[in-house]
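Engineer: what's the 3D shape of this:
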Amino acid sequence: MTDRIMRRGVAAGLAGGAAEILWVAVYGALTGTSVVQVARGVTAALLPGLGSLWYAPAVGIALHMALAVALGIAVATALRAPLVRLVGPWSQSMLVMLVLGAVWSFNFLVLLPHLDPGFVTLLPMAVTLASKLLFGVSAAAVLRAAPPARVSAI
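Structural biologist: Next up, the predicted model:
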């Protein structure tokens, strides 16, 4: 993997992760939902022994952002596949959205109910789906904004 793909992936992941945090913060502010409990829930789902500690919300945000960066790198890498490179940038953006929808489906319908059934009840499913799709929009925008790769002569 090239440094360029890695940088694009990190930027896409940071943008997507930040968009999710902002979305949940706005939702929490409008509805009175505890965003601290959501951040604590991320910790409890991934590191159950730390979920009740006073710093669990900060750990949850750090875990969320680390996973977001990993997902951004995976998406940026996948977009470099020869078949995917044949489609235009708007089609690639739609593929990013589809991938993020699939990630949400796996997370909220399979993985999280197994890891921590209570976590999936902290927010309405529509809110969590919107969050993941906002990740996709943000990541796709970052990936589209990156300058095209230079083709070097062999």
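
Engineer: For the chain, name the helix or strand with the lowest mean pLDDT.
Structural biologist: The helix or strand of the chain with the lowest confidence, counting by mean pLDDT, DSSP states H and E, is helix 82-85 at a mean of 58.

Engineer: Beyond the longest helix anywhere in the chain, next helix or strand please.
Structural biologist: Looking across the chain with DSSP state H, the single longest helix is helix 3-31. For helix 3-31, the succeeding helix or strand toward the C-terminus, using DSSP states H and E, is helix 35-46.

Engineer: got a list of contacts for that following helix?
Structural biologist: 24-25, 28, 50-53, 56-61, 63-64, 112, 115-116, 118-119, 122-123 (C-beta atoms under 8 Å, 6 or more residues apart in numbering). Quick note: C-beta positions are derived from backbone N, CA and C, even for glycine.

Engineer: switch the cut-off to 6 Å
Structural biologist: By C-beta atoms under 6 Å, 6 or more residues apart in numbering, the surrounding residues in contact with helix 35-46 are 24-25, 28, 50-51, 56-57, 59-61, 63-64, 115-116, 119, 122.

Engineer: distance of residue 70 from residue 94?
Structural biologist: The gap separating residue 70 from residue 94 is 22 Å, by C-beta to C-beta, to the nearest Å.

Engineer: Without its sequence neighbours, what residue ends up closest to the spatially most central residue of the chain?
Structural biologist: In the chain, the residue lying closest to the centroid (C-alpha atoms, centre = their mean) is residue 68, at 4.2 Å. Once flanking residues are discounted, residue 68 sits nearest to residue 17: 2.8 Å by C-beta to C-beta, 6 or more residues apart in numbering.

Engineer: can you list the weak-confidence ranges in the protein?
Structural biologist: 1, 81-91, 146-154 (pLDDT under 70).

Engineer: mind running it again at 80?
Structural biologist: Counting by pLDDT under 80, the chain shows low-confidence ranges at 1, 80-94, 146-154.

Engineer: now the helix or strand where residue 127 lies against helix 35-46, angle please.
Structural biologist: Per DSSP H and E: residue 127 is located in helix 125-145. Helix 125-145 and helix 35-46 are oriented at 80 degrees to each other (axes from the mean of the first three to the mean of the last three C-alpha atoms, to 10 degrees).

Engineer: for helix 125-145, packing partners?
Structural biologist: helix 3-31, helix 89-106 (3 or more C-beta pairs under 6 Å, 6 or more residues apart in numbering; DSSP states H and E).
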